[in-house]
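Chemist: need coordinates for the below:
(3 chains, ligands or ions: 3)
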Amino acid sequence: MTTTTPPGPTATAAPAQPLRAAPDTFARREWPRAAWYAAAYDVEVGAHLLPRTVAGASLVLFRTPSGEARALENACWHRLLPLSEGTLLGDEVMCGYHGLRYDADGRCTFMPSQKTVNPSARVRSYPVVERHRFVWVWTGDPADADPATIPDLHWNDDPAWAGDGRLIHVDCSYKLIVDNLMDLTHETFVHGGSIGHRSVAESPFEVTHGRGTVTVTRWMIDVEAPPFWARQLEWRGAPAGNVDRWQIIHFTPPSTIAIDVGVAPTGTGAPEGDRSAGVNGFVLNTMTPESPTSTHYFWAFARNYALTDQRITTLLRDGVSGVFAEDEEVLAAQQRAIDAHPEKDFYNLNIDGGAMWARRMIDLMLAAEDPSYAEAGDRAARDIAEHHRNDAGDGAEREVARARAEAERARSGS
Amino acid sequence: MTTTTPPGPTATAAPAQPLRAAPDTFARREWPRAAWYAAAYDVEVGAHLLPRTVAGASLVLFRTPSGEARALENACWHRLLPLSEGTLLGDEVMCGYHGLRYDADGRCTFMPSQKTVNPSARVRSYPVVERHRFVWVWTGDPADADPATIPDLHWNDDPAWAGDGRLIHVDCSYKLIVDNLMDLTHETFVHGGSIGHRSVAESPFEVTHGRGTVTVTRWMIDVEAPPFWARQLEWRGAPAGNVDRWQIIHFTPPSTIAIDVGVAPTGTGAPEGDRSAGVNGFVLNTMTPESPTSTHYFWAFARNYALTDQRITTLLRDGVSGVFAEDEEVLAAQQRAIDAHPEKDFYNLNIDGGAMWARRMIDLMLAAEDPSYAEAGDRAARDIAEHHRNDAGDGAEREVARARAEAERARSGS
Amino acid sequence: MTTTTPPGPTATAAPAQPLRAAPDTFARREWPRAAWYAAAYDVEVGAHLLPRTVAGASLVLFRTPSGEARALENACWHRLLPLSEGTLLGDEVMCGYHGLRYDADGRCTFMPSQKTVNPSARVRSYPVVERHRFVWVWTGDPADADPATIPDLHWNDDPAWAGDGRLIHVDCSYKLIVDNLMDLTHETFVHGGSIGHRSVAESPFEVTHGRGTVTVTRWMIDVEAPPFWARQLEWRGAPAGNVDRWQIIHFTPPSTIAIDVGVAPTGTGAPEGDRSAGVNGFVLNTMTPESPTSTHYFWAFARNYALTDQRITTLLRDGVSGVFAEDEEVLAAQQRAIDAHPEKDFYNLNIDGGAMWARRMIDLMLAAEDPSYAEAGDRAARDIAEHHRNDAGDGAEREVARARAEAERARSGS
Ligand code: FES
Ligand code: FES
Ligand code: FES
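Modeler: Numbering: from 1, shown residues only, chains lettered A, B, ... in the order given. Ligands and ions are numbered 1, 2, ... in the order given. As a prediction, the model looks like this:
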């Protein structure tokens, strides 16, 4: 059997005794406003009006003739008709009811039957940046919109990586998807037929964090490769046999998670850093709250081999789609259960260490923009100050050593 | 280009600068109780039980053997089963659960298994008058039900007019339909393929009002006839060429609008009153609130030519149906937007002058029956007192003169 | 015509003048917690996870390898996923998300990735007893769960009786079904084609009650047999002709009703106790509230003749199904009307005497477990104390005498 995360001065995993979650797990505002959210895949936005609700705000997205993506409030200043029911005329949006026109910054440029246009007539315009194949929208004060804070998902358009992804609509809070991705133990139970394996739940993991990131590292040494990975090794011509498998989860608040995943034949040095004999991918995830109980979930899977083989791209995309469809069902059922049991709270296990830290990061963002959350913010800030920034590399080495020892013990039958 | 409504001592159009609507646009009670509402088309009511919700009240409608239409509260006195689930026996309604019977006035005449009938056992009966092909129901105090105050829609059964109509169910407040009909500018943008034409939005109009009516008059001089009208002129054998087109909207609160519409070849004297060379119709509309966000919308289109040509009746009815289907979509989208943005209010443009006056008339009715609206009532009363009754005829003449001057200017290319 | 229930020192029928129901008819909590409710038919529960909501509590039902039925709270202790989405492994339930396992008593026995299991980790377990083909669940304090208080529906598995039943889901409060069954007058109006007959509404009845039961007795002497019964007499080879028909309704709070029904050829002594020439059945009903406006309605029809003739079982079950489908429509329409008219209350007629007593019994249970209902409890207790326990036999004899006199009068044409 396995041990759970070993305590150490810099380890921040949850204690062995499950903790009662704060009674306000479900009481907070759901999402920070001062954040970049992926509103659309780049290809979704073109010379037409695309309605989309982002962090509770109803937006209309479009591309100007010069190719710039724009986002305006999707309610006409005059009598609220969604602008997405109107017409895009070059870089102007014409309302479909009485013909008011707005320029790409949301200023009204035309009113029917009158000579003058009220200078205060406008709809809100949102800062937009296109990056890593997503159209990002800033829902906070435009003065604070700093493109440098857009989460890093560069694997999605880095020429050294290839892949594809999808947008799915999930009927749950984006936080439940964060929880789901921060603990991959569930693969064993939810995805037994594809990527799950008992070794996932049985292997130790480590949670580390910095001021703006949480990392969960899990190495499974000398284990059987699950079908999803065995197939990829076969494509690469790797020899059959046990593998070293890794899952390194990187969280950026409020809701972006890039997971470094892969397998290499055992003994080829992957844990020490030489992954050349194996296969490596990144599962890219960014979850945009639509409402408190629904989410636009953007994901992609990027690999660093056979970059031009579209067959592999399609097979992998369909494989991941199937896995996420299993999650979707579980997540929607969990949300319904939360709604049906308003008196119940979550309990946390060891495996929830990553999710707990991710939620604290979100709380910190909420506290920063809402004084009534100061207490939560103080607590989260104190937690983070108490623990120096952990170097994920160090943690990983320690993990590998421990996992190796585990594997030894397992082989010797103890 | 065009000018907007010119100011004048008796003009009551909204000022050129859009006004912020009162913050309580959506806060008032939705409809007056002391009003006649169309509950059904005459042909809908027969020797059977028809359930219909009128102004929030659940009614059952039927016709007695002598042909009289009746309306009772649609909930059994005993245990609330809708009476419409029961049986009409002559002029009595028998409940489908335990067999209580009610006469056409709602008095209970039979109770099972007991000799006596509680004299207080009854369901509410509503005053009903059948007029102009509609079955009107009074939802206020029956003592105040005066048939003289039923809105005038006589074109619907006047032998000098022919036509047909429909009942449609729209998922919006009846007030949004009032707004829609009081400003036909939207034809340009919503109905571009049938009755819309840029000349509608570009032509000036005038709003006049009396104590119980609002009139919006718009003449379009020397314009192209839109398809709906061109076809009718062709049927009448009129020469091709430009037309003078009119739209004279008559509002009677809370929710009846008769629109005098037509075209005549330019130069044949229609603006001066001789419409004999043209075609004339009345768009008849009466909107009965079902709930705060849904409406029974009764409409008809009556014409004064080719009275017995059923083919024309059918073509016109289908044409108008298509136009209204476009409105239905816009109105339902607008209602959804209002519900999704409870913090947003309407802004008013010049084109909303008619709708603003119509809403003030409704407010006045609400104030009359609910002291808490006194302020709104005072304001509306003051507004109305400040402006003498405008003679629509005078207004129309002035409009025609102005429209002529506009057309001149337009032709001279300015 | 008939007279209504005659007054007498022990009769408790409602007075001849309908009473205004207490204004709180709809204000009380809907159901007692300290009660046994049928959660499922025995055959529904097996080696799989069956979700079902009982009295507002979401349960998962299953059978252990030894055959015992069990009921656990259907929300994982960890993060609330419904356990019914997981897997039954022998007598343990494994959650479908992170693999927590619970034994049949709800104690957690396994947590992934950790050695120790928090001893407080558990889900609620409900007392379960299987009896008379139903799986009964106690939703109150487990310490109070006394199997002796399970309602008597022994006809459902007594070898002297044969029959079958069904579970239907009805969109109304269980109390409306209690009302429905406590007054069979409605058969005349709702079930005219099967079991209804004007003699039901026209025959007198008597309501008697004890501390924990209400009985309504109705004898119809020398009447035509309705189709449902005529067919059964024919199967038994009984001679054609009028019958004596009985309906003896036994209510056990909060929601179980067994109805002794049958017919025998007039003159063969059924009213005096010799039913041997007739046919007899029991309509068994137990209504389990799901939510305030929906109910799991379990019913069966048991007969005491032709016990092994499956054809008759099927015909009778289908016949009763058809009757209940008529009730379902009426009940759902009544619930919708109640919801649409929150300002309206019920009025009671003579025929509602049984239902009124049944509701008082329910109120008494509610008062016992909720001090805020003390007044209702006091009233119900006083009512019950004032009237000694009536012997249903005596009542029935008196009923028969009266019904005979009625039949005489009817035949003599008065
Ligand atoms: S609602 Fe957009 S122009 Fe009127
Ligand atoms: S509900 Fe109408 S008669 Fe009982
Ligand atoms: S929700 Fe059941 S194990 Fe996590």
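Chemist: for the stretch 201-350 of chain A, which segments are assigned as helices?
Modeler: A:227-236, A:310-340 (DSSP state H, counting those that start in this stretch).
Chemist: helices and strands around the last one, which ones?
Modeler: Counting contacts by 3 or more C-beta pairs under 8 Å, 6 or more residues apart in numbering or on different chains; DSSP states H and E, the secondary-structure elements packed against helix A:310-340 are strand A:162-170, helix A:174-182, helix A:186-190, helix A:227-236, strand A:294-303. All C-beta atoms are positioned from the backbone trio N, CA, C, and that covers glycine.
Chemist: turn the ones you listed into a markdown table, including distance to C:Gly269, mean neighbour count and mean pLDDT.
Modeler: Formatted as a markdown table, the helices and strands packed on helix A:310-340 follow (distance: least, C-beta to C-beta, whole Å; neighbours: other C-beta atoms under 10 Å in any protein chain shown; pLDDT from 0 to 100):
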| stretch | distance to C:Gly269 | mean neighbour count | mean pLDDT |
| --- | --- | --- | --- |
| strand A:162-170 | 70 | 17 | 96 |
| helix A:174-182 | 70 | 24 | 97 |
| helix A:186-190 | 68 | 23 | 87 |
| helix A:227-236 | 77 | 17 | 90 |
| strand A:294-303 | 69 | 23 | 97 |
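Chemist: select, out of these, the one closest to ligand 1.
Modeler: Each of those was scored for nearness to ligand 1 using C-beta to the nearest ligand atom, and the closest is strand A:294-303 (26.1 Å).
Chemist: does A:Ile221 touch A:Asp244 like I think?
Modeler: Yes - distance between A:Ile221 and A:Asp244: 5.2 Å, which falls inside the contact criterion (C-beta atoms under 8 Å).
Chemist: any shared contact partners between those two?
Modeler: Where contact means C-beta atoms under 8 Å, 6 or more residues apart in numbering or on different chains, the residues bridging A:Ile221 and A:Asp244 through contact with each are A:Thr266, A:Pro271.
Chemist: of the two, who's got more company?
Modeler: Taking other C-beta atoms under 10 Å in any protein chain shown, A:Ile221 and A:Asp244 do not tie; A:Asp244 has more neighbours (28 against 25).
Chemist: who's the more buried one bridged to?
Modeler: A:Ala264 (DSSP bridges).
Chemist: may I ask you to confirm that it is in contact with A:Ala264?
Modeler: Yes - taking C-beta under 8 Å as the contact criterion, A:Asp244 and A:Ala264 are neighbours in contact, 5.6 Å apart.
Chemist: give me the common contacts of the two.
Modeler: Listed contacts common to A:Asp244 and A:Ala264 are A:Ala270, A:Gly278; contacts here mean C-beta under 8 Å, 6+ apart.
Chemist: show me the strands in the stretch 101-250 of chain A, by range?
Modeler: All strands of the stretch 101-250 of chain A, identified by DSSP state E, counting those that start in this stretch, fall at A:101-102, A:108-110, A:125-126, A:128-131, A:134-138, A:162-170, A:205-209, A:214-223, A:243-252.
Chemist: low-scoring stretches of chain A, by residue?
Modeler: Low-confidence regions of chain A, defined here as pLDDT under 70, cover residues A:1-28, A:371-414.
Chemist: residue in it nearest to ligand 2?
Modeler: A:Ala340 (32.9 Å).
Chemist: now for that residue, how many residues are close by?
Modeler: In terms of burial, A:Ala340 registers 15 neighbours under the definition other C-beta under 10 Å.
Chemist: what do you get for the one 3 residues further on?
Modeler: For A:Glu343, the neighbour count with other C-beta under 10 Å is 4.
Chemist: wondering if the one helix or strand A:Arg360 maps to reaches ligand 3 at all.
Modeler: Assigned by DSSP states H and E, A:Arg360 belongs to helix A:353-369. No - Helix A:353-369 lies apart from ligand 3 when judged by C-beta under 6 Å from any ligand atom; the minimum separation is 10.8 Å.
Chemist: picking up where we left off before, of the helices and strands packed on helix A:310-340, which approaches ligand 3 most closely?
Modeler: Distances from ligand 3 to each of those were compared using C-beta to the nearest ligand atom; the shortest belongs to helix A:186-190, at 7.4 Å.
Chemist: how about that closest one and ligand 3, touching?
Modeler: No - using C-beta under 6 Å from any ligand atom, helix A:186-190 never reaches ligand 3; the gap is at least 7.4 Å.
Chemist: residues contacting that helix, please?
Modeler: With C-beta under 8 Å, 6+ apart, helix A:186-190 has contacts from A:180, A:195-198, A:200-201, A:326-327, A:330, C:94-99, C:112.
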